[in-house]
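Participant: after the sequence you'll find the predicted model.
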Amino acid sequence: DKKKSWSLSDFDLGRPLGKGKFGNVYLAREKESHYVVALKVLFKSQILDSEIEHQVRREVEIQCRLRHPNILRMYGYFHDEKRIYLILEYAKQGSLYKLLKERERFDEKTVAIYIRDLTRALLYCHTKKVIHRDIKPENLLIGHNWELKIADFGWSVHSPSSRRMTLCGTLDYLSPEMIEGKPHSYAVDIWSLGVLCYELLVGLPPFDAKDSHQTYRKIRYVIIKYPDFISEKAKDLMGRLLVINPEQRLPLTNVLQHPWITENAPEGAVPPAFNPEQK
Ligand SMILES: COc1ccc(/C=N/Nc2[nH]nc(C)c2C(=O)Nc2cccc(NC(C)=O)c2)cc1
């Protein structure tokens, strides 16, 4: 419940789920209800040194307000003298990044389901005036029933924004306007939807290159090669998302009506269970 103020003594701590730059994520169980959560522990010292306090504050205020089946819930937060603790939903299967590494790439029906669910989550975010700005496999978690959850709103902002991004992590998902430091809007999430669709189908991001200059160049001129196993309809959708001019990108509502989505992810279709032995 919202009123309660939480503290570490309310939880039994479990195994570490992952180690991040600013702290670690632990499996945890609330003592009274036995409810299982993920506790993201951030070190205040690290946050103050990196001057990302505003970013953490924004991540909390945004993620606490969002309620959607494909967005990882934040139930609350608390802090002690050294650390900030974010009480997050536990997504059992881990990151889509891990799953993609294990399976190399996914079939078109699975990818269409993930793109459908992600599009619905982004539509919801955009109605709440939130741009995620950092959609990539590392920031997408997979729940108990293999459903996709957008996590890590550390980079999200209230639109419109032209906040300079210190470029950390992969460049592969940056849109042309973000590379040029131009004011950007919701359309950056539409661009990254196209990048993600390609990477899930192929196993490599579309603008992958040996160095960042080549990646920049490929992004700015949208230089993409589609392997021949990609269907015409999938290519058509990606071609309408990976468009230089943000205004000309396919609006999210039209993504849900695209034939590749309606034919491969019909209403009610759910992601397949990935059994470890299924290769
Ligand atoms: C290493 O194998 C793993 C298998 C499953 C998990 C599940 N993580 N689930 C989560 N639920 N809510 C949150 C937040 C998380 C989470 O942050 N996971 C996480 C964090 C950092 C790295 C990873 N790594 C992987 C491989 O998933 C997962 C985490 C690790």
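Facilitator: On my side now, so go ahead.

Participant: where exactly do the helices run in the stretch 101-250 of the chain?
Facilitator: Per DSSP state H, counting those that start in this stretch, the stretch 101-250 of the chain carries helices over the ranges 108-127, 176-179, 187-202, 212-220, 232-241.

Participant: flag every buried residue along stretch 66-81.
Facilitator: With burial defined by 16 or more other CB atoms under 10 Å, the residues of stretch 66-81 counted as buried are Leu66, His68, Asn70, Ile71, Leu72, Arg73, Met74, Tyr75, Gly76, Tyr77, Phe78. Where you see a C-beta, it was placed from the backbone N, CA and C, and this is true even at glycine.

Participant: widest-spaced pair of the residues you listed?
Facilitator: Asn70 and Phe78 (26.2 Å; CB to CB).

Participant: now do the contacts for the residue of the stretch 151-279 of the chain found nearest the ligand.
Facilitator: Going by CB to the nearest ligand atom, the ligand is nearest to Ala151 of the stretch 151-279 of the chain, at 5.6 Å. Listed by CB atoms under 8 Å, 6 or more residues apart in numbering, the contact set of Ala151 reads Leu72, Leu88, Ala91, Asn139, Leu140, Leu141.

Participant: Ile84 contacts Tyr77, correct?
Facilitator: Yes: contact between Ile84 and Tyr77 holds when scored by CB atoms under 8 Å: they sit 6.6 Å apart.

Participant: who touches both of those two?
Facilitator: With CB under 8 Å, 6+ apart as the test, Ile84 and Tyr77 reach no residue in common.

Participant: quick revisit: the contacts of Ala151: which ones sit near the ligand?
Facilitator: Among those, proximity to the ligand is found for Leu88, Ala91, Leu141 (CB under 6 Å from any ligand atom).

Participant: mind checking which helix or strand the first one is in?
Facilitator: Spelled out, it's Leu88. Taking DSSP states H and E as the criterion, Leu88 maps to strand 83-89.

Participant: how about residues contacting the helix or strand just after that strand?
Facilitator: Remark: after strand 83-89, the chain's next helix or strand is strand 94-95, criterion DSSP H and E. Residues outside strand 94-95 that contact it (CB under 8 Å, 6+ apart) are Leu17, Gly18, Pro137, Glu138, Asn139, Leu140, Leu141, Ile142.

Participant: which SS class is the residue in the chain that the ligand sits nearest to?
Facilitator: Minimum separation of the chain from the ligand (CB to the nearest ligand atom) falls at Gly18, amounting to 1.9 Å. Using DSSP: H, G, I helix; E, B strand; the rest coil, the structure places Gly18 in strand.

Participant: what about it, neighbour count?
Facilitator: 13 (other CB atoms under 10 Å).

Participant: check the contacts of strand 94-95 and tell me the two furthest apart.
Facilitator: Checking the contacts of strand 94-95 with CB to CB, the most distant pair is Leu17 and Pro137, at 16.2 Å.

Participant: any idea how far Ile47 is from the residue nearest to Leu201 when sequence neighbours are not counted?
Facilitator: Among residues not flanking Leu201 along the chain, Val111 sits closest, at 5.3 Å (CB to CB, 6 or more residues apart in numbering). When CB to CB, to the nearest Å is the yardstick, Val111 and Ile47 sit 35 Å from each other.

Participant: now the strand or helix carrying Leu48: buried residues?
Facilitator: Assigned by DSSP H and E, Leu48 belongs to helix 44-49. Buried residues in helix 44-49, defined by neighbour count with 16+ other CB under 10 Å: Lys44, Ile47.

Participant: which strands and helices lie in contact with the helix or strand that that helix is followed by?
Facilitator: Per DSSP H and E, helix 44-49 leads on to helix 53-65 as the next helix or strand towards the C-terminus. Applying 3 or more CB pairs under 8 Å, 6 or more residues apart in numbering; DSSP states H and E, one finds that helix 53-65 contacts strand 74-79, strand 83-89.

Participant: tell me the angle helix 53-65 makes with helix 108-127.
Facilitator: 110 degrees (axes from the mean of the first three to the mean of the last three CA atoms, to 10 degrees).

Participant: residue contacts, Glu61?
Facilitator: Glu61 touches nothing, counting by CB under 8 Å, 6+ apart.

Participant: that one and Leu86, how far apart?
Facilitator: 12 Å.
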